[in-house]
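Chemist: how would this look folded up:
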Amino acid sequence: MKLSRSEFDRRYGAGELHLAFIGMSNIGKSYTATRLSKTHNFQLVEVDRLIWEELGQGSMADFADWQGHPYTEGYDDREAVSIGLETTAMKKAMTPVNANTILDTTGSVIYVDDSVKADLVENFLIVHIAAGDADLERLKADYFALPKPLVWRGHYKKLDGKSEHESILACYPELLKSRKSAYEALADVTLSSQFILAPNTTMESVFTAIRNQLD
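Modeler: Numbering: from 1, shown residues only. Predicted coordinates:
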């Protein structure tokens with residue numbers, strides 16, 4: 001959604017401002033969306049939660065355990081189910097409400113049905129939290145330390161001489177690279193993860209940074 005600063009201000013004041021955070025898993029979307037929703041009176045919608053509740057899972061970790069790694073038996077089928085559920089969850093999450101809203105999307109939002117992405121672009125100001133080179137090692141470590149369901153879409157392959165665990169880490173940069181352009185194509189505003197996660201970054205500065213990128 002293309003907004004001017006004046007329209008951004010009007011919508012926020014009227015309780016009609018809809019933001020969507022996109023970006024890689026563990027990049028800081030949920031952290032930022034949760035904090036901003038509390039400080040600036042937004043209703044928070046967590047798409048991951050809608051999916052795992054539909055699956056009957058109790059937590060993000062349970063959801064990640066259900067989906068598994070790309071080398072586990074049946075992963076491709078579960079990945080397809082997960083994307084289908086995400087498409088349904090996104091439709092539910094974008095149901096209009098009379099409140100300022102933040103949509104905390106999953107990292108795989110770029111893979112949902114085109115019609116759903118079109119609705120997202122039309123009705124939400126999309127904020128991309130961008131991963132930089134400095135994030136790579138942290139994201140690779142967090143893949144195993146802070147498990148979240150991750151859609152690989154064929155970007156994993158077992159490498160000669162490497163274990164499955166080592167192959168995951170070796171293939172991760174290519175997955176990150178492939179997603180970068182897809183996130184950028186959807187985004188109206190881009191904030192770096194370094195800015196988002198810096199200890200001295202306040203939610204007021206985040207809100208202002210979003211607003212200041214508008215014309």
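Chemist: Nearest residue to Gln57 in space, please, no chain neighbours.
Modeler: Phe63 (4.7 Å; CB to CB, 6 or more residues apart in numbering). Using the backbone N, CA and C atoms, a C-beta is placed for each residue, glycine as well.
Chemist: could you pull out the strands for the chain?
Modeler: Ranges of strands in the chain, per DSSP state E, are 18-22, 43-46, 101-104, 125-130, 189-192.
Chemist: buried residues in the longest one?
Modeler: I take that to be strand 125-130. Residues 125-130 are the ones in strand 125-130 that count as buried (16 or more other CB atoms under 10 Å).
Chemist: what do you get for the second one?
Modeler: Under the neighbour-count criterion of 16+ other CB under 10 Å, strand 43-46 has 44-46 buried.
Chemist: for it, the distance to its chain's centre please.
Modeler: 13 Å (CA atoms, centre = their mean, to the nearest Å).
Chemist: Over to the longest one?
Modeler: Mean-position distance between strand 125-130 and its chain equals 9 Å (CA atoms, centre = their mean).
Chemist: For that strand, list the C-alpha coordinates in CSV.
Modeler: Provided in CSV are the C-alpha atoms of strand 125-130 (Å, rounded to 0.1, in the frame of the first residue of the first chain):
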residue,chain,number,x,y,z
LEU,A,125,1.8,-0.9,4.5
ILE,A,126,4.4,-3.6,4.2
VAL,A,127,7.6,-3.2,6.3
HIS,A,128,10.5,-5.4,5.4
ILE,A,129,13.0,-6.1,8.2
ALA,A,130,16.0,-6.7,6.0
